[in-house]
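Chemist: Quick one: sequence and predicted model below, then my questions.
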Amino acid sequence: MRKRSLGLWMTALAAYAFLYVPLIIVVVYSFNNSRLNAEWVGFTFDWYRQLAEDENMLTAAGNSLLIGISASLVSTVLGTMAGVAMYRYRQRLLPVLVLAPIAIPEILMGVSLLIFFVLLNLTLGLVSVALAHIAFCIGFVAIVVRARLAGMDEALTEAARDCGASPLQAFRYITLPLIMPGVIAGALMAFTLSIDDFVITFFTAGAGTVTLPLQIYSMIKIAVTPEVNAVSTLLMLLTLMLIVIASKLSPNLLRSD
Amino acid sequence: MSVAPIGHRIGRWLVSGPPLLYLVVFFAAPTLIMVLASFRTPGEFGGLAPLIDESGKLDLNVEAYTRFLTEPIYFEIFLKSVWYALVTTLICLLLAYPLAVLIAKSPKKYRDLLLLLVILPFWSNFLIRIYAWMIILGPNAALARAVNSVLGWWGAEPVPLLFSSFAVLVCLVYVHLPFMVLPLYANLEKHDQALLDAAQDLGANAWHRFWRITFPLSLPGVYAGAALVFIPALGIFAIPDILGGPNDSLIGNLIKQQFLETRDWPFGSVLSIVLTLAALALAGFAAWVGRRNGGFGGPERA
Amino acid sequence: MALLEIQGVTRRFGDFTAVDNVGLAIEAGEFFTLLGPSGCGKTTLLRMIAGFDPADGGRILLNGEDLAGKPPEARPVRTVFQSYALFPHMTVEGNVAFPLRMAKTPEREIAPKIAAALEDVRLVGFGKRMPQELSGGQKQRVAIARALVTHPTVLLLDEPLAALDAKLREEMQIELIDLQKEVGITFIYVTHDQTEALALSRRIAVMNQGRVEQMDAPSNIYNFPRTRFVADFIGHCNLLSGPVIANVRGVVTLDVKGLGPVDVATGSKIARGSSGSIALRPEKIRIEAPSSTPPNHHYRGTVAELLYMGDVTVYKVATQNGTRVEALRANSESGRAQFFDVGDVVEMSWPVDAGHFIAE
């Protein structure tokens, strides 16, 4: 028994190491005083300083923020509606349309939206990227909201109606406050997904528009410098924060996807 | 619930209408347009040729499909992609299973933390995770030097770790591992310890308890995890693009190439459709097998 | 005219008829109970009165006014939910104030009304607590206060005591009776617990498979069950069945398998040759040591099983052909666990009016 659990622990430890060592290396080398990500030479903040002066990077960060905020706002509203609709009413088409963007390979959505936007003569850029991000974020928000609703006592809405509330009042005063943590968690998740998205953005951004992941991609492809480590470290810190907050708000958030 | 049928119906449309409309416009319509595009002729300067040609005829054909089926190079790449995705799924399963068992068996208060630790890397940027392996496998990094010095002792030629199939597979496994752990854990957590105690009481040793009880009951989780890993792994293009060598181009890279370089939209659409159908077919198969095997009082039903 | 009239109400879910042509008339100020096993339709009927489920047929009239098409919020009917359904994001006061706010009660009138409602349910001083900080019994009281604060015409209670432990349940039963007397509001109470129904109600409707089997005062339901189902569902009951072989001056004689001819007094006319059952409560049977020559209407048998309950012992007596009769005897002598043991031969008897005849 003891031997077996020791083996299990070793395997698990190895698995956790496999998951974390790469990310730790990225962080550590962001403070390394060497252009090569090969050996520890000495501590420096130079790469962060360089990052702060990198015009392209700042533009990309600004774009990502703009897209992230607008996409998460819109998708939170639409996703909450979808979650409520899927929980409350019998729906045929909506669940398929909500879940399909999550279930199919990302690249399909990227290329189909590319064709769509070009045929519509919509100039690829911030707007097209945000529209695309909203489309795949709706599903994630809807899942979180629906899970939150499913965890709610059905009798509460009935009790509200029984106490004299109209359906709208019951939603406004009872349902909405109770699913709020789920809605906020969904919004944070949508923001994180948008900030992080590479594949769909890659196809829908066009030539002139750069987001953080696109900027990181071109830097990796052309010339690797620890500046990438620095921006990666900051980005990881941001998403880590958002996700920890989101999972505090909606404890089953991380399991439901 | 149909107390006030009319108000009910209006409410229903007010709530479901906007998200439905958005997804019809920005998901269903683009997908259908792409399916249509796969039957059209590529334009002279990329994109699509006019739907109605000069002679006034509707220009729809299956040339792009014929091309995929007749030029073996494309089918080979497709098969290679399926192979990579399958290998990734298998390795993920082997790594994830002990981890999921351990988390499911650990004291309740640690479970959420251990699970969170599995999921967190998934929430760090996809490209950063690829980039991390670029560093680790880089020619000047400690790992490559160690491997090659061992090979040197044996008198073998040094091998590059980066820009190789090895790098692609390692990263594919790395990126998709959490998708396998989650459903496995969700399944294993529900297992009733009493079943194992009963089996032990009836004389089953540790191996038999695992192979005859735990594993069959966990099959729905295995199939779910396999689908969650296989689908994204099949469509990946960034990993081979960044970490792979010249021979590691997968179907995702081919699609990217059709849309952004050669600008042959019909053929790119065909490849995307084939990819999606293959992914969904396998996921559907997994779900079907999972349901069949989970049918007799599996823990999902408990 | 009754306060609440339910006329031929039916509710179907697909092929399943949950409520089947039910008619009831409930008087103002009554404590009325819908009693039946789970799935008998009692909760569905309650939900139709509250307005959560529409009726597929029939009418529900409150003070003569048809409630059809009125949403729950427009009915002067309040529900106490089985799960209490206290709003978890509001304090006790917030919960009780909610129906007042929905009714647009002026803000300055709200506080005194909350205070009065909390006093009614003996929860003074709990107003600032959150529902999660309350015990089961306290939550129950808040739910009642919230339902009563706007003085509804009818209060519906859906198994409100089911989640409480036995001791607390008994306390709450007494409080409910007192409360109902105090506020004078009609209570319609749903339960599957027959002792609870007998203890609380002025009248009980026993439901089975969507139909009302019998509607009467508790003692009548217990003593004069109209159907085998009612006899069997309410308390323990021996059902002695057989053909009617004689009917002389209000006394019917049945030929019961294993016992022979058994007499029962009945007011109704029963034709010879028809068949029926005698519902006979175990506590009405005298169980004694056998006498040398058994008089008429004494029946012999052997104790096959016994259940020692403390205050009483239940004897399951097997007669010829294996017919079982359950008899009960109070353990009135101290120091003796029971009067008879398994295997003892005993003699059973009962007055002719102890049983109740149920026609087939």
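Modeler: Done, it's in. Numbering: from 1, shown residues only, chains lettered A, B, ... in the order given.
Chemist: C-alpha only now, for contacts and for neighbours.
Modeler: Fine.
Chemist: so where is the chain shaky, pLDDT-wise?
Modeler: Because you didn't say which chain, this covers chain A. In the prediction, chain A carries residues with pLDDT under 70 at positions A:1-5, A:37-38, A:251-257.
Chemist: my question was about chain C
Modeler: C:334-338.
Chemist: for it, what spans make up the helices?
Modeler: For chain C, the helices defined by DSSP state H cover C:42-50, C:92-102, C:107-120, C:136-148, C:166-183, C:194-200, C:218-223, C:228-233.
Chemist: where does the second one sit relative to the chain's centre, distance-wise?
Modeler: Looking back up the chat, that one is helix C:92-102. For helix C:92-102, the separation from the chain centroid amounts to 32 Å (computed by C-alpha atoms, centre = their mean, to the nearest Å).
Chemist: packing partners for it?
Modeler: On a contact count with 3 or more C-alpha pairs under 8 Å, 6 or more residues apart in numbering or on different chains; DSSP states H and E, helix C:92-102 meets helix C:107-120, helix C:136-148.
Chemist: Ok, the fourth one next?
Modeler: When contacts are defined as 3+ C-alpha pairs under 8 Å, 6+ apart, helix C:136-148 packs onto strand C:77-80, helix C:92-102, helix C:107-120.
Chemist: Tabulate the ones you listed in JSON lines, adding columns for mean neighbour count and distance to residue A:250.
Modeler: What follows is the helices and strands packed on helix C:136-148, written out as JSON lines (neighbours: other C-alpha atoms under 10 Å in any protein chain shown; distance: least, C-alpha to C-alpha, whole Å):
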{"stretch": "strand C:77-80", "mean neighbour count": "28", "distance to residue A:250": "29"}
{"stretch": "helix C:92-102", "mean neighbour count": "24", "distance to residue A:250": "24"}
{"stretch": "helix C:107-120", "mean neighbour count": "16", "distance to residue A:250": "33"}
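Chemist: what residues does chain C put near chain A?
Modeler: Within chain C, the positions adjacent to chain A are C:50, C:52, C:72-74, C:77-79, C:81, C:83, C:85-87, C:89, C:98-99, C:102-103, C:147 by C-alpha under 8 Å from any C-alpha of the partner chain.
Chemist: Can you tell me which residues in the stretch 101-250 of chain B are near chain A?
Modeler: Proximity of the stretch 101-250 of chain B to chain A, by C-alpha under 8 Å from any C-alpha, involves residues B:102, B:116-121, B:123-129, B:131-133, B:135-136, B:138, B:140-142, B:174, B:182, B:186, B:231-232, B:234-236, B:238, B:242.
Chemist: rerun that using 6 Å as the cut-off
Modeler: Applying C-alpha under 6 Å from any C-alpha of the partner chain, we find that the stretch 101-250 of chain B lies next to chain A at B:124-125, B:132, B:140-141, B:232, B:235.
Chemist: Out of those, the closest to residue B:93 would be?
Modeler: If you rank those by distance to residue B:93 using C-alpha to C-alpha, residue B:232 comes first, at 15.2 Å.
Chemist: now the residues of the stretch 101-250 of chain B next to chain A as CSV including secondary structure, pLDDT and distance to residue B:12?
Modeler: Formatted as CSV, the entries for those read as follows, by DSSP: H, G, I helix; E, B strand; the rest coil; pLDDT from 0 to 100; distance: C-alpha to C-alpha, whole Å:
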residue, secondary structure, pLDDT, distance to residue B:12
B:124, coil, 81, 37
B:125, coil, 83, 37
B:132, helix, 86, 47
B:140, coil, 73, 61
B:141, coil, 73, 59
B:232, helix, 87, 34
B:235, coil, 85, 36
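Chemist: hmm, which of those are the buried ones?
Modeler: B:124-125, B:132, B:141, B:232, B:235 (16 or more other C-alpha atoms under 10 Å in any protein chain shown).
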